[in-house]
Each structure stands twice: as structure tokens, then as C-alpha cells.
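[1] Sharing a model that was predicted from the sequence below.
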Amino acid sequence: MSKIILTGDRPTGKLHLGHYVGSLKNRVALQNEENTEIFVMIADQQALTDNADNPGKVIENITEVALDYLAVGLDPSRTTIFIQSQIPQLAELNMYYLNLVTVSRLHRNPTVKQEINDKKFGESIPAGFFTYPVSQAADITAFKATHVPVGEDQKPMLEQTREIVRDFNRIYNKDVLVLPEIILPPKDHARLVGIDGKGKMSKSLNNGIYLGDSEKDIKDKVMKMYTDPNHIRVEDPGQVEGNVVFKYLDIFDPRTDEVTELKEHYSRGGLGDVKLKKRLNEVMQEFLRPIRERREEFAKDKAEVYNMLKAGSEKAESVAASTLDEVKDAMGINYFKK
Ligand code: TRP
């Protein structure tokens with residue numbers, strides 16, 4: 001395989017349109033590329049680093065995330081979908097990598113710093129949370145991933161992984177670990193704005209449209225979308241810049257010429273928000289209906305979803321085991337190996 005891809009999500013909630021445009025869409029494209037092997041991990045261990053007291057939330061969302069994957073077209077016959085905690089070799093690699101990283105280096109990780117702030121840990125940062133970038137290096141290197149498609153916020157994790165790979169290969173004098181490259185989403189898709197227009201679509205801001213949302217939910221959310229607060233009467237000129245409805249039309253409406261005309265009309269005045277939102281509602285319904293229907297179909301047989309995850313985890317474990325074996329060989333700690 002010329003390209004090996006590893007990526008994943010923390011199972012802390014259902015996936016939304018932001019996940020779709022920022023990563024899921026790209027994963028579906030990658031699984032259909034020649035000479036590419038793709039692993040998609042449900043990072044339950046990482047989710048537990050800041051949900052230790054609420055494992056139920058994590059456990060429940062494993063199936064939700066798996067259903068979202070299947071609904072958007074990740075195909076288990078092409079993509080190995082697995083659960084992090086079922087691959088003990090990842091924790092073992094993490095143990096060895098922790099010795100290659102300093103506490104001060106971890107303190108400098110801007111994403112972790114931000115998260116520590118957002119989550120209001122104060123002085124009580126769980127040690128597992130603080131060191132999750134190292135465990136992420138274990139995830140990536142266990143599969144000898146050459147490419148890691150993730151959002152901008154994961155850049156520091158990739159840098160950390162690359163440092164660990166270089167240090168490991170230098171110290172143990174072997175080219176065992178593979179230096180991974182990051183694949184960032186296309187700029188305009190990187191941060192899909194939430195329906196409130198205030199920031200990135202996210203569960204915590206409660207501004208998301210979910211892949212499993214009902215027809216009514218979608219309509220209600222589109223009708224609530226932030227537009228131009230100064231566009232009061234239909235005949236007033238409206239602002240396209242910063243208008244969430246146009247952002248979504250740009251991404252989801254295939255009739256780009258018409259969208260350009262609508263923007264002109266809106267700027268001139270004479271085009272009402274309701275009319276515009278009705279169009280977007282139709283576009284979004286058409287886009288999300290097949291996804292929701294597939295999701296409902298898969299949800300009827302959760303046992304089958306678990307079988308799929310089990311098979312994926314078994315395959316992932318065999319790959320991780322062979323990397324761990326090479327790692328221990330390189331370190332000279334495979335004491336009982338003949
Ligand atoms: N940190 C990622 C997230 O928040 C999830 C993740 C865990 C991951 N391990 C990974 C992503 C390895 C890419 C590679 O969604």
C-alpha cells in the first residue's frame with residue numbers, strides 16, 4: 001500500500017454537518033482511492049480521558065458514531081472501523097512513548113492548553129488527558145500511517161507524533177516507525193459555521209445540524225439560521241458576507257449559477273430571508289434524507305453494527321501487534337522471543 005490512512009473521532013456525541021464537510025466526506029473519497037488502506041478509529045479511550053466519571057456517555061456514543069460512519073458511506077469492506085480500547089497494543093506503545101516526551105513539551109501543546117481552559121480543569125487536569133497527544137502518537141504509528149486527515153486543531157498532535165517518531169528511530173537505531181503527514185480539509189470546508197453564525201458548528205455551542213436529524217429538525221434549524229440582522233424589509237439590500245444561509249448554499253447547493261444570482265438579488269434588495277431559507281431547506285433535506293434513511297436502516301440491527309466493529313477491531317489488533325513486536329525488537333525488550 002502506498003498510502004496508509006489513520007484517523008478517528010472521540011465518541012462524545014453524534015456527528016453533524018461540520019464533521020461531514022470537515023472530514024467524513026474526505027474519508028469516503030479516500031476509501032475509494034487505489035493503493036490506499038484506511039483505518040478509522042472510534043477513540044473511546046481518548047474520550048474517557050475527560051469523561052472518566054461518565055463512561056455511559058462514551059459507550060452509548062460508540063454506536064452513534066458508527067451509525068454516522070455507515071450512513072455517510074464508509075464501507076467496512078474498504079475501511080477498517082475499530083474501537084480504540086479493544087487494541088491493547090496502543091496502550092503499550094503509549095507507555096514507551098511517554099518516556100520520549102517531556103512534561104514541559106506537553107504543556108506547550110496549544111490545543112491541549114485551550115482544552116484545559118475550556119474544560120475548566122484548573123489544577124485538576126487528569127494525567128491521562130494531559131498526555132493524550134502521546135497516546136495519539138501510538139494510534140498513528142501502530143498502523144504505520146503515512147497520512148492523517150484531521151482538522152486544523154489537530155496540527156499540534158501531528159507535530160508531537162513526528163517528534164516521537166524521529167526520536168524513537170534515532171534512539172533505537174532503526175527505521176521502525178513511519179513519519180506521518182497531515183492532510184488538512186479544504187480551506188472553505190475546514191470550519192463549517194454553526195446555524196447561529198457565531199462560530200464553528202459544535203455540540204457545546206448547540207448550533208449544529210446532525211446527520212440523523214429529522215425532517216422537522218432540519219427545517220426548524222434552517223428557519224432559525226443567522227442571516228443579516230439589518231435586513232428587515234424584503235426590499236432592503238441584504239448582506240451576503242457572514243450570512244449563514246449563503247455559506248451553506250455555497251457548500252451544499254449544486255446549482256452554483258443560481259446561487260450567484262441569488263447573492264446579487266439579495267445584495268440589491270427584494271429577496272426575502274424566508275424565500276431564501278425555503279430554498280436552503282429543500283437543498284438540505286435532499287442532502288440529508290438518504291443519509292438519515294441509511295442511518296435508520298443500520299440502526300435496526302445494532303448487533304450487526306457491533307459485529308462490524310468487532311471484525312474491524314480484530315483486524316486492527318493484528319496490525320498493531322506486529323508494529324509493537326517490531327518496536328520491542330528495536331528496543332531490545334522482547335526478552336523471551338527466540
Ligand atoms: N483527537 C481526535 C479528535 O478529537 C481523535 C483521535 C484520537 C485521532 N486518536 C487519533 C485522530 C489519531 C487522528 C489520529 O477527534
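    The structure has been received and is ready for your questions. Numbers count the residues shown, from 1 in each chain.
[2] going forward, measure contacts between C-alpha atoms and count neighbours the same way
    Fine.
[3] Would you mind listing what in the stretch 1-150 of the chain touches the ligand?
    By the rule CA under 6 Å from any ligand atom, the part of the stretch 1-150 of the chain lying against the ligand is Leu6, Thr7, Gly8, Asp9, Arg10, Ala43, Gln136, Asp139, Ile140.
[4] helix/strand/coil for the first one?
    I take that to be Leu6. The local conformation at Leu6, judged by DSSP: H, G, I helix; E, B strand; the rest coil, is strand.
[5] what pLDDT does Lys200 get?
    Listed pLDDT for Lys200 reads 88.
[6] Just give the nearest non-adjacent residue to it, would you?
    Leaving aside its chain neighbours, Lys200 sits nearest to Val193 (4.4 Å; criterion: CA to CA, 6 or more residues apart in numbering).
[7] ok, and what's touching stretch 305-318?
    With CA atoms under 8 Å, 6 or more residues apart in numbering as the test, stretch 305-318 has contacts from 39, 63, 66-67, 76, 80-84, 86-89, 143, 298-299.
[8] buried sites along it?
    Neighbour-count burial for stretch 305-318, counted by 16 or more other CA atoms under 10 Å, picks out Val305, Met308, Leu309, Lys310, Gly312, Ser313, Glu314, Lys315, Ala316, Glu317.
[9] Might you report the residue contacts of Phe287?
    By CA under 8 Å, 6+ apart, the contact set of Phe287 is Phe252.
[10] That one is in what secondary structure piece?
    Assigned by DSSP states H and E, Phe287 belongs to helix 273-299.
[11] Quick one: mean pLDDT over the helix or strand following that helix.
    The helix or strand immediately downstream of helix 273-299 is helix 302-331, counting by DSSP H and E. Computed over helix 302-331, the mean pLDDT rounds to 97.
[12] To what extent is the residue of the stretch 101-250 of the chain found nearest the ligand buried, counted in neighbours?
    Residue nearest to the ligand within the stretch 101-250 of the chain: Gln136 (4.4 Å; CA to the nearest ligand atom). When neighbours are defined as other CA atoms under 10 Å, Gln136 has 21 of them.
[13] Kindly report the same for the one 5 residues further on.
    Neighbourhood size, Thr141 [other CA under 10 Å]: 26.
[14] Was I right to think it contacts Leu177?
    Yes: using CA atoms under 8 Å as the test, Thr141 is close enough to Leu177 to be in contact (6.2 Å).
[15] okay, and the common contacts of these two?
    By CA under 8 Å, 6+ apart, the residues touching both Thr141 and Leu177 are Val165.
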